[in-house]
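Engineer: just coords:
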Ligand code: GLN
Ligand code: ZN
């Protein structure tokens, strides 16, 4: 690459993992909740973790840090707090401020928490602010100011980061009682003075720059949102006592929002140039750059785990240098979405570990990039050479390229992804084989994961239980689950998934191509952390994965036992995915491995096989033009996994969320014989949606809300069923809960299922 002029480019970040190297924050927070730690101790731990993180950054050569990104629970909740959007029920529920804050996050015995939902297309969940027409905002800048001062006193240039006003309002929902069609964005004029006041406080504390994150601008939103954005930044920009403003976006391209921000009086933008957001580069060039503005360029993928291609990043940065007044370099988004440190993974093959980059490594990458531009490439020659070597090794490794897998994928034809018989023929064959009553009853797969089961798993890991001893516990659990279902009178049984810790991890551990981490924790929400597996190489199935336990369960009963698999899209969505080939390709490999499993289950006599795809909607691209292409490969992968079966083998699928709109066409394209859906909470809105869309196959809208400890009565379930019958005709209606029973106790799930069966019988008798 030719060297352009040497410029002053600094590395910075939008946010860092909050939990600490050993999840200290989780432990401290949970101890506080349990009453073992007082508020002072919790806040001290938090401050110590922030200080330790800053020292890591200092060592890596970062001098400008984001502040305010730290959170005891969630940054959207912190923003709600900072603007005074605290619901009355939470204010009334607790004594201290900290407890009001946690009441919003988790509820109390008396009041429910704020709702929680996914943060864009990541696996992080944020708390949804509740706003009504009578919302009164009031600024509280204490957290922001404290964290800003702390970093500055430690010698850093600190850049406070908060969620911007437009995103805050668009991510909020109408408060209870506000009416479902209330639009929080209408509160913008009332909210802006509160933001102006927060900004003024930060300026008074000494902040030169403040970053306002506006990730909603990468989504397709009505044009009115662009108008609101222009208005918001015109007004915030007009203040005289303000810091310089930097508006940040990430996860996709800015599209039409780019010229709006470029023309606004803000002094800087932070933009993502990775993945689908790479299109930002051409858009910026076409616009003639951002004359007079600062740009923080996200050229290192902040939400995946791969070592960056530093040469490619340098060439992007070289182009950008000519387009802006001042350029700095950062990961594409907060590093909240990746684990902390590859070096902690002692079990990983060191050859493979070199391909990976977690938060600490990404920090080093942006530091290297900044040095290359500021001091010249020679200053970082060893880092660039090591990076090139790692990328070359990865591209040529037998793990990433398995010839047999590639050959098989290339040979896939359209016919492989299509069931040979039309649905009408299949359903007749399945009816004849299964002999089920109308309104057949079933469950979604998992039964309560009891304390004994979790203990057995822990004992197995600790070597206190032998593999045989563990297997006997699993077998005993399956016997119990089967006996219960027979007694309760369910029609299609399940084995209960007692051997599965997690529906993705369980399969990831049994497939070639996946890597597992030991310490790769990532915040899912609050104090819940997950360790997503890493899809690193070509996927294949060395041996059957579920046939044995499913077969064992079937040997105990004459009723059909449903086989239970996790679908290809969900296997991708809840993992870190490869960035060296299209997702569609990886999905196809996973689909072929599952296809073999489906075939083995069928050969072993399994007549009903469920392939769960709860994540089908999650991977939906943020920008609409990319959606049809996504649905095409995603549904093809599902069909590839499930189309190799006979007509009389019944394929089920399951999804659990209440809004379908966008993916209804996708659901039909799965060509599953039966679909079960979450519906109890929305009082069957889903069933109505399916009916309106003319969904032509069998469906089981959930009639038992498994998220609640409450046991629904027979009457309640029957009423939901009668409602469902208005949308789905009796010959196509199934009776099942909303989702798996894993998180319920046996005392809750048992009576609930008994009531479900009784209600089904009652309604059946009236048909
Ligand atoms: N079969 C899984 C279970 O019952 C499905 C879980 C899910 O949809 N998230 O646990
Ligand atoms: Zn579910």
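Structural biologist: Looks like it came in fine. Everything numeric here is computed off the predicted structure, so don't read it as measured data. Ligands and ions are numbered 1, 2, ... in the order given.

Engineer: contacts only, for the residue of the stretch 601-750 of the chain found nearest ligand 1.
Structural biologist: Closest residue of the stretch 601-750 of the chain to ligand 1, CB to the nearest ligand atom: residue 740 (2.0 Å). C-beta: built from backbone N, CA, C; applies to glycine. Neighbouring residues of residue 740 by CB atoms under 8 Å, 6 or more residues apart in numbering: 443-446, 497, 706.

Engineer: can we see that at 6 Å?
Structural biologist: The contact partners of residue 740, by CB atoms under 6 Å, 6 or more residues apart in numbering, come to 444-446.

Engineer: just residue 607 next, same as before
Structural biologist: Contacts for residue 607 (CB under 6 Å, 6+ apart) come out as 433, 560.

Engineer: give me phi/psi at it?
Structural biologist: Backbone torsions for residue 607, taken as degrees, to the nearest 10, come to phi -100, psi -20.

Engineer: and it, what pLDDT?
Structural biologist: At residue 607, the predicted lDDT confidence score is 98.

Engineer: which residue packs closest to the residue positioned nearest the centre of the chain, ignoring adjacent ones?
Structural biologist: In the chain, the centroid-proximal residue (CA atoms, centre = their mean) is residue 123; its distance is 1.7 Å. Using CB to CB, 6 or more residues apart in numbering and skipping residues adjacent in sequence, the residue nearest residue 123 is residue 524, 6.1 Å away.

Engineer: surely that neighbour is within a strand?
Structural biologist: Yes. Residue 524: assigned to a strand according to DSSP: H, G, I helix; E, B strand; the rest coil.

Engineer: thought it was touching residue 531?
Structural biologist: No. Between residue 524 and residue 531 there is no contact under CB atoms under 6 Å: 10.0 Å.

Engineer: list the contacts for residue 394?
Structural biologist: Taking CB under 6 Å, 6+ apart, one finds 355, 400 in contact with residue 394.

Engineer: so it, which state does it fall into?
Structural biologist: helix.

Engineer: need the residues of this protein near ligand 2, please.
Structural biologist: 614, 656, 739 (CB under 5 Å from the ion).

Engineer: show me what contacts the second one?
Structural biologist: If a contact means CB under 6 Å, 6+ apart, then residue 656 has 614, 678, 739 as its contacts.

Engineer: and for residue 616?
Structural biologist: Contacts for residue 616 were tallied using CB under 6 Å, 6+ apart; they are residue 569.

Engineer: could you tell me which residues of the protein lie near ligand 1?
Structural biologist: Within the chain, the positions adjacent to ligand 1 are 444-446, 497, 503, 564, 612, 614, 654, 656, 739-740, 742 by CB under 6 Å from any ligand atom.

Engineer: in strands only, show me the residues you listed.
Structural biologist: Secondary structure from DSSP state E places 564, 612, 654 of those in strands.

Engineer: in this structure the second one contacts residue 654, no?
Structural biologist: Yes. Residue 612 sits in contact with residue 654 when judged by CB under 6 Å, with a separation of 4.7 Å.

Engineer: tell me the helix or strand right after the lowest-mean-pLDDT helix or strand in the chain.
Structural biologist: Using mean pLDDT, DSSP states H and E, helix 685-692 stands out as the lowest-scoring helix or strand of the chain, at a mean of 85. Toward the C-terminus, helix 685-692 is succeeded by strand 698-701 as the next helix or strand (DSSP states H and E).

Engineer: now, which of the contacts of residue 656 sits nearest ligand 2?
Structural biologist: Ligand 2 lies nearest to residue 739 out of these, by CB to the ion, at 3.1 Å.

Engineer: for that closest one, grab phi and psi.
Structural biologist: According to degrees, to the nearest 10, residue 739 has phi -160, psi -170.

Engineer: got the contact list for it?
Structural biologist: 444, 656, 706.

Engineer: residue 296: which of those residues is nearest?
Structural biologist: For the contacts of residue 739, the closest approach to residue 296 (CB to CB) belongs to residue 656, at 37.5 Å.

Engineer: from ligand 2, how far out is residue 81?
Structural biologist: 32 Å (CB to the ion, to the nearest Å).

Engineer: check residue 63 too.
Structural biologist: Distance of residue 63 to ligand 2, given as CB to the ion: 46 Å.

Engineer: and what of residue 296?
Structural biologist: Counting by CB to the ion - residue 296 and ligand 2 are separated by 39 Å.

Engineer: same check, this time on residue 600
Structural biologist: Using CB to the ion, residue 600 is found at 24 Å from ligand 2.

Engineer: now that residue, what's its secondary structure?
Structural biologist: Classification of residue 600 using three-state DSSP returns helix.

Engineer: just give the number of residues close to it.
Structural biologist: For residue 600, the neighbour count with other CB atoms under 10 Å is 19.

Engineer: list the contacts for it?
Structural biologist: Going by CB under 6 Å, 6+ apart, residue 600 touches 544, 547.

Engineer: again, but for residue 676
Structural biologist: So residue 676 contacts 654, 700, 736 (CB under 6 Å, 6+ apart).

Engineer: re the thing from before, pick the one among the contacts of residue 739 closest to residue 642.
Structural biologist: Minimum distance to residue 642 across the contacts of residue 739 is 17.1 Å, recorded for residue 444 (CB to CB).
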